[in-house]
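**Student:** Predicted coordinates and the sequence they were generated for:
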Amino acid sequence: MSATRTTSIRLKTALPGPRSAALGARRAQAVPRGVGHSTPIYAESARGALVTDVDGNVLIDFAGGIGTLNVGHANPEVVRAAADQLERFTHTCFSVSPYEGYVALCEKLNAKTPGRGPKKTLLTNSGAEALENAVKIARHATGREAIVVFEHAFHGRTLLAMTMTSKVRPYKFGFGPFAPEVYRLPFPYAYRGYVPGSAASMLEEFFLTQVAAEKVACVVIELVLGEGGFVVAPPEFVETLARACREHGILLVVDEVQTGFGRTGKTFACEHYGVEPDLVTLAKSLAGGLPLSAVTGRADVMDSAQVGGLGGTYAGNPVSCAAALAAIAYMEKHRLAERAAEIGRTVEARFRGFVERFPFVGDARGLGAMRALELVRDRATKAPDKERTDRVVRKAYESGLLLVGAGTHGNVIRTLMPLVVTDDELAEGLDVLEHALETA
Ligand code: PLZ
C-alpha cells in the first residue's frame, strides 16, 4: 500500500443516508417486496467504478450492476454512441425496418466469439431471453426436446430460464409448474466434493438413469458459475463434457452472460478451456449497461429456425446496439481482458491472505477478476455461513463499498468491479472488505 494513495470513498452521512432512507420508504409502498436489493443505497450518478448516492456519499463499486459494467459506469464513449443514436432514431423494430447497427454488432460478435467456422448472431433483450432462444434454436436444429443443465446454475427468471436455474429459494419457490424436459447434472464443485476424473462415468450413468443421450438437444453450462458462487469448472470436466456432446450429437451451449467480455481475464471464459461451443449466450457487459443480449453460434444451427420464428419488438434496439459497438471497441482499445487478469491477481493475493487470517473463510477461488470468498461456520464441516456473509455485505456498504453475495447457500462474496477500476480504488475497496470481514 503506497503512502500517497488517493482515497475515493467520501461519506457525508451514515449509510443509508436520509434521502436513501426516504426513497426506501417510498419503494416499500410502490414496489413489490419480491424485487430484492443487496444494498439500500440509492444512486444519483456514477462514473467508472464510483457511485455517488442521493445523499452525496461516494462509494466504490465492487458489484458493477452484477457484472454489466466492465467498461465502467457512464463510460463516455458508450454514452456518446448511445446519445448519437438516440438523436438519429430510437427504434424501428429490426423485423419491420432494419438498421446497420444490428448487423454490424452481429458481425462483430461472430468474429469475436470462440469457434472457427461460420457463425451468426441473434440479438435479444436480457440474459434470460438469450437462454430461452438458445434452447429454442438447439431444439429446432436437433429435433430433440431434452435439455441438460447443472446444479447451482443461474440462467434467468422467465419460465424456461427459471426452470433451468437451480436454486429454489428465492428463484423458484411457489412459481411452478416448471417447464418440462429439463434435466440436471451435478456441477464439478471442488470445494464441496467433486472427485476429479469422475466426469465420464457420471455422464454415462446420467444418460442411463435420467435421460437418453439421443433425446438431448443441448447441454447448457456456465464455465464459472455466476450466481452459484464463482465455482470454476475444471478443464478436464469440460473436455469430457464437450467430447460426450460431440459423440451424442448434443449441442454445447456456454452461458457467458456473467463470464463474458473480459471478466475472467480473457474475452470469453471458453478461451481458458479451448472449447468451441455450438452456441454462446451473451448479455450484461455486452452493451455497457444498456439492455441487450445475444445468442451467437454455428451458422447452420442458428439458421435452422424458420423465418419469423425468432425475434422480439425491442430485440436488438438500435441504442443498445450502438452502445454495444462502442463498449466492445473500448474493451479492445483498453485491453480490458488483460486488465481483468491483473485485477484478478491483486484480488487473489489479498483473498489468499484472508483465508490465512479468518478461520471462517473456507475457500477463495475464481478466474481473472471474477473472484470469490466462501464463508463457513467451521472449516471441518464446511457448514455455510449466510448470516456472516450478509453482515459482511452490510458492513461493507456502511463503509462505502458496494458488494453482492452469491452461492446456493448465500455464503459467497464475489467481486464484479468495473474493469476500469483504478489501482487505488481497488486497494481501498479491498481494505474496506477486509475491515468488514474483521468486524462482521
Ligand atoms: N445467465 C450466467 O448470471 C443473470 C441475476 C440478477 P438476465 N445474473 C444476474 C437477478 O437477481 O435476477 C444471468 C446470469 C447468467 C443468465 C442470467 C440472466 O440474465 O439479464 O438477468 O435475464
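**Tutor:** Happy to help now that I have it.
**Student:** Every contact and neighbour count from this point should use C-alpha atoms.
**Tutor:** Fine.
**Student:** per-residue pLDDT, whatever residue of the stretch 51-200 of the chain ends up closest to the ligand?
**Tutor:** Per CA to the nearest ligand atom, residue 127 is where the stretch 51-200 of the chain lies closest to the ligand, at 3.2 Å. On the pLDDT scale, residue 127 is placed at 98.
**Student:** What segments of this protein are helices?
**Tutor:** 18-30, 64-67, 76-88, 100-112, 127-142, 159-164, 199-209, 235-248, 270-273, 299-302, 318-333, 336-357, 386-398, 423-439 (DSSP state H).
**Student:** any chance of these in JSON lines, plus mean neighbour count?
**Tutor:** Shown next, in JSON lines, are those (neighbours: other CA atoms under 10 Å):
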{"stretch": "helix 18-30", "mean neighbour count": "13"}
{"stretch": "helix 64-67", "mean neighbour count": "24"}
{"stretch": "helix 76-88", "mean neighbour count": "17"}
{"stretch": "helix 100-112", "mean neighbour count": "18"}
{"stretch": "helix 127-142", "mean neighbour count": "23"}
{"stretch": "helix 159-164", "mean neighbour count": "23"}
{"stretch": "helix 199-209", "mean neighbour count": "14"}
{"stretch": "helix 235-248", "mean neighbour count": "16"}
{"stretch": "helix 270-273", "mean neighbour count": "17"}
{"stretch": "helix 299-302", "mean neighbour count": "18"}
{"stretch": "helix 318-333", "mean neighbour count": "23"}
{"stretch": "helix 336-357", "mean neighbour count": "19"}
{"stretch": "helix 386-398", "mean neighbour count": "22"}
{"stretch": "helix 423-439", "mean neighbour count": "19"}
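**Student:** Determine the number of other residues adjacent to residue 182.
**Tutor:** Using other CA atoms under 10 Å, residue 182 has 18 neighbouring residues.
**Student:** So which residues on this protein come close to the ligand?
**Tutor:** Taking CA under 6 Å from any ligand atom as the criterion, the chain approaches the ligand at residues 66, 126, 127, 128, 154, 155, 156, 226, 227, 255, 257, 258.
**Student:** I'd assumed residue 292 was in contact with the second one.
**Tutor:** Yes - if you go by CA atoms under 8 Å, residue 126 and residue 292 touch, sitting 5.7 Å apart.
**Student:** overlap in contacts of these two?
**Tutor:** Common contact partners of residue 126 and residue 292 (CA atoms under 8 Å, 6 or more residues apart in numbering): 283, 284.
**Student:** Show the pLDDT at residue 416.
**Tutor:** Per-residue pLDDT puts residue 416 at 98.
**Student:** List the contacts of it.
**Tutor:** Counting by CA under 8 Å, 6+ apart, residue 416 makes contact with 62, 63, 64, 66, 67, 263, 369, 370, 371.
**Student:** any idea of the pLDDT on the fourth one?
**Tutor:** Model confidence at residue 66, expressed as pLDDT, equals 98.
**Student:** What are the buried residues along stretch 221-238?
**Tutor:** Buried positions in stretch 221-238, judged by neighbour count with 16 or more other CA atoms under 10 Å: 221-234, 237-238.
**Student:** how near is residue 207 to residue 187?
**Tutor:** For residue 207, the distance to residue 187 equals 16 Å [CA to CA, to the nearest Å].
**Student:** what's the answer for residue 82, then?
**Tutor:** As for residue 82, its distance to residue 187 is 39 Å (criterion: CA to CA).
**Student:** now residue 180
**Tutor:** Separation of residue 180 from residue 187 (CA to CA): 21 Å.
**Student:** Which one of the two is surrounded by more residues?
**Tutor:** The neighbour comparison of residue 180 against residue 187 (other CA under 10 Å) goes to residue 187, with 23 against 11.
**Student:** Identify the residues contacting the more buried one.
**Tutor:** Listed by CA under 8 Å, 6+ apart, the contact set of residue 187 reads 150, 151, 152, 194, 233.
**Student:** Considering those residues, which possesses the most neighbours?
**Tutor:** residue 152 (26 neighbours).
**Student:** correct me, but it touches residue 166?
**Tutor:** Yes - at 5.1 Å, residue 152 counts as touching residue 166 under the criterion of CA under 8 Å.
**Student:** Phi and psi next, for residue 194.
**Tutor:** Residue 194 adopts backbone torsions of phi -70, psi 130, taken as degrees, to the nearest 10.
**Student:** Which residue, other than its chain neighbours, is closest to it?
**Tutor:** Among residues not flanking residue 194 along the chain, residue 188 sits closest, at 5.1 Å (CA to CA, 6 or more residues apart in numbering).
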